[in-house]
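Novice: Fold the following.
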Amino acid sequence: MMKDFLNIKSILIVLIITSIKVVTPLLANNKELTENYTCINKDHNHEEFLFFCDTCGCGSSGGSMGYGTGLNTNFIGVRYINQQYRSRDGIFNDSPWIEENFNTIQAWGNFPITERILLNVIVPYQFHNRTMPDNTDQHISGIGDMSVLVFYNLIKATPDSIVSIKPEHFLQIGGGVKLPTGTYEKANNEGSVNPSFQLGNGSLDYVIGLNYGFSYRNWGISTMLNYTIKTENPKEYQFGNQVNYGINAFKTYFVSDNLSLTPILGLAGERYGTNKEFGFDVLNTKGDIFLGKVSMEASYKRYSLGLVGMLPISQNLNNDKVELNNRTSIYLNVNF
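Specialist: The predicted structure follows:
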């Protein structure tokens with residue numbers, strides 16, 4: 001069974017990379033569908049399906065929840081993310097489990113700088129808690145690590161005022177920084193296998209990303225691949241570098257001129273390198289996780305309400321000493 005999961009993940013990564021090279025010329029050479037028509041409601045244009053990572057730098061921290069909603073390029077809004085973990089309080093296989101609850105509220109937005117340049121900003125507030133084997137609780141809260149990214153549209157979809165009935169495709173490349181605005185407390189790493197119980201990394205990290213997608217009328221598929229380079233923080237702790245990849249498929253149903261519903265199905269993966277302390281590897285800190293994703297977005301005029309759920313298909317976090325139970329998210333945006 002595990003071999004099958006590894007094969008699926010390998011195929012997914014290959015699909016993401018090769019789709020950019022293979023699908024784009026196929027779409028460009030399609031001669032059969034050439035007719036365009038004007039869309040009365042420009043909010044019905046869903047060509048650009050953004051799906052970026054959302055690293056907070058603290059281990060398996062929800063990287064596949066996404067920088068964008070998936071359906072609207074330009075927006076400002078609020079998103080809540082909940083993640084349920086458990087980690088072993090000790091080094092033995094029969095050590096007791098610690099139940100961990102990660103919560104994040106984000107002010108976020110995608111803002112056009114020029115016709116081809118997009119600015120993404122996320123400002124998170126975190127409040128986490130965990131229950132120890134002796135039933136005592138630990139709580140931490142405060143501002144998390146803010147991220148600022150810039151993406152350039154190498155291939156841009158049809159403008160908002162026009163919807164093409166032929167397949168549309170886009171390609172974005174970019175990057176940015178994750179700022180050390182969240183507090184890192186070394187004491188939170190002691191006595192627990194899970195080093196992710198932090199408000200932030202305490203380090204300046206760098207993100208590079210590549211996104212490709214295409215759509216046909218109200219159908220769409222998108223892929224993403226990005227990499228986070230993490231640096232050492234002032235307390236000489238460095239989280240491992242991180243790779244995120246994913247693919248999503250969606251279809252939009254227009255209930256009326258002002259209301260649409262879009263179900264989304266996807267697969268995503270995250271891989272984490274080994275953490276370092278004082279320049280030495282920290283045991284049981286690397287890992288990977290492969291997830292399934294189901295979500296729904298409802299759009300009414302300029303407003304969008306989205307619900308997202310993610311469940312692990314396979315995982316090996318911190319040498320199986322940390323387990324993700326689920327991730328859920330809800331967001332409310334104003335599109336412009």
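
Novice: For the stretch 1-150 of the chain, which segments count as helices?
Specialist: Taking DSSP state H, counting those that start in this stretch as the criterion, the stretch 1-150 of the chain carries its helices at 2-28.

Novice: Residue 216 and residue 154, how far apart?
Specialist: Plainly put, residue 216 is 20 Å away from residue 154 if you go by C-beta to C-beta, to the nearest Å. (Each C-beta comes from the backbone N, C-alpha and C, glycine too.)

Novice: Over to residue 301?
Specialist: With C-beta to C-beta as the criterion, residue 301 and residue 154 are 31 Å apart.

Novice: Quick check on these two: which one has the bigger neighbour count.
Specialist: residue 154 (15 against 12; other C-beta atoms under 10 Å).

Novice: which residues does that one contact?
Specialist: 171-173 (C-beta atoms under 8 Å, 6 or more residues apart in numbering).

Novice: Please, which helix or strand holds it?
Specialist: Taking DSSP states H and E as the criterion, residue 154 maps to strand 147-155.

Novice: Each with direction, which strands does whichever strand or helix holds residue 227 pair with?
Specialist: Element membership of residue 227 [criterion: DSSP H and E] is strand 219-229. When pairs are called by DSSP bridges, strand 219-229 turns out to pair with strand 205-216 (antiparallel), strand 242-251 (antiparallel).

Novice: Export those strands as a markdown table, with columns for distance to residue 178.
Specialist: Below are the strands paired with strand 219-229 laid out as a markdown table (distance: least, C-beta to C-beta, whole Å):
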| stretch | distance to residue 178 |
| --- | --- |
| strand 205-216 | 4 |
| strand 242-251 | 11 |
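
Novice: what would these look like in CSV with mean pLDDT?
Specialist: As requested, the strands paired with strand 219-229 are exported to CSV (pLDDT from 0 to 100):
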stretch, mean pLDDT
strand 205-216, 91
strand 242-251, 94
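
Novice: Pipe these into TSV and attach mean neighbour count and distance to residue 97 per row.
Specialist: Output for those, formatted as TSV (neighbours: other C-beta atoms under 10 Å; distance: least, C-beta to C-beta, whole Å):
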stretch	mean neighbour count	distance to residue 97
strand 205-216	22	29
strand 242-251	21	25
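
Novice: Can you say which of these is nearest to residue 308?
Specialist: strand 242-251 (10.8 Å; C-beta to C-beta).

Novice: Can you dump the C-alpha atoms of that closest one in CSV for me?
Specialist: Below are the C-alpha coordinates for strand 242-251, written out as CSV (Å, rounded to 0.1, in the frame of the first residue of the first chain):
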residue,chain,number,x,y,z
GLN,A,242,10.2,22.8,2.4
VAL,A,243,8.7,21.7,-0.9
ASN,A,244,5.0,21.9,-1.7
TYR,A,245,3.2,20.6,-4.7
GLY,A,246,-0.4,20.1,-5.7
ILE,A,247,-3.1,19.7,-8.4
ASN,A,248,-6.8,20.8,-8.3
ALA,A,249,-9.8,20.3,-10.6
PHE,A,250,-13.0,22.4,-10.4
LYS,A,251,-16.2,23.1,-12.2
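
Novice: hey, where'd the strands end up in the stretch 151-300 of the chain?
Specialist: 162-164, 168-178, 205-216, 219-229, 237-238, 242-251, 253-254, 259-272, 276-277, 280-281, 287-300 (DSSP state E, counting those that start in this stretch).

Novice: Distance to residue 128 added to these, as JSON lines?
Specialist: Shown next, in JSON lines, are the strands of the stretch 151-300 of the chain (distance: least, C-beta to C-beta, whole Å):
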{"stretch": "strand 162-164", "distance to residue 128": "43"}
{"stretch": "strand 168-178", "distance to residue 128": "18"}
{"stretch": "strand 205-216", "distance to residue 128": "19"}
{"stretch": "strand 219-229", "distance to residue 128": "20"}
{"stretch": "strand 237-238", "distance to residue 128": "18"}
{"stretch": "strand 242-251", "distance to residue 128": "19"}
{"stretch": "strand 253-254", "distance to residue 128": "37"}
{"stretch": "strand 259-272", "distance to residue 128": "18"}
{"stretch": "strand 276-277", "distance to residue 128": "21"}
{"stretch": "strand 280-281", "distance to residue 128": "25"}
{"stretch": "strand 287-300", "distance to residue 128": "19"}
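
Novice: Nearest to residue 322, out of those strands?
Specialist: The nearest among the strands of the stretch 151-300 of the chain, by C-beta to C-beta, is strand 287-300 at 7.3 Å.
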